[in-house]
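**Q** After the sequence you'll find the predicted model.
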Amino acid sequence: MKKHLSKKRVVLAAIVAVVLAISSGIAYAYWTSGGTGGGTAAAGTTSGIVVHQLSTVSGLYPGGSAVALNGKFDNSNSAAVHISSVTASVTGVTGAGTDSLKPLCTAADFTIAGSAAGSTVPVGTGVGAWSGLTIQMVDGAANQDNCKGASATIAYTAVP
């Protein structure tokens, strides 16, 4: 009976050894390889920032003091946007006099000076702030009576 048991153990041990050898071979039987691939990542775009003037300017006269301009922004983008500065220019005049014996009142009768430094504009309406620009009426050599009661139209630009 002991012989019979030993034989069973030897057969069982052999089977276990074969199974282990096969499993070990499978575990280490694979190919290696390198490769390449590709993908894309797209950057978003931004919408323009709207510049608003908050300061009310009145009472300008030839050679008078410069009046400060300031304001806020509208940023409809999904994230804050950085601008390097705000610039302005007088693009026209409304409500000017029409005395044909005197020179017309034009944008050249006004000057904008100073600089509005850049800032990071948060998302929203009426956000952030800018200042540092001034407007003044030039004291021209010619008669400027046609500028009485006139309003200068100012165009603002948020410079990226």
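**A** Arrived safely, thanks for sending.
**Q** What about Val86, how many residues nearby?
**A** Counted with other CB atoms under 10 Å, the neighbours of Val86 add up to 24. In short, each C-beta sits where N, CA and C put it, glycine included.
**Q** And for the residue most central in space within the chain, nearest residue in space, chain neighbours not counted?
**A** Nearest to the geometric centre of the chain sits Val81, at 2.5 Å (CA atoms, centre = their mean). Here the nearest residue to Val81 in space, its sequence neighbours aside, is Val121; by CB to CB, 6 or more residues apart in numbering that works out to 5.2 Å.
**Q** contacting residues around that neighbour?
**A** Under the criterion of CB atoms under 8 Å, 6 or more residues apart in numbering, the neighbours of Val121 are Ile49, Phe73, Asn75, Ala80, Val81, His82, Ile83, Val127, Gly128, Ala158.
**Q** go again using 6 Å as the cut-off
**A** Ile49, Phe73, Asn75, Val81, Gly128 (CB atoms under 6 Å, 6 or more residues apart in numbering).
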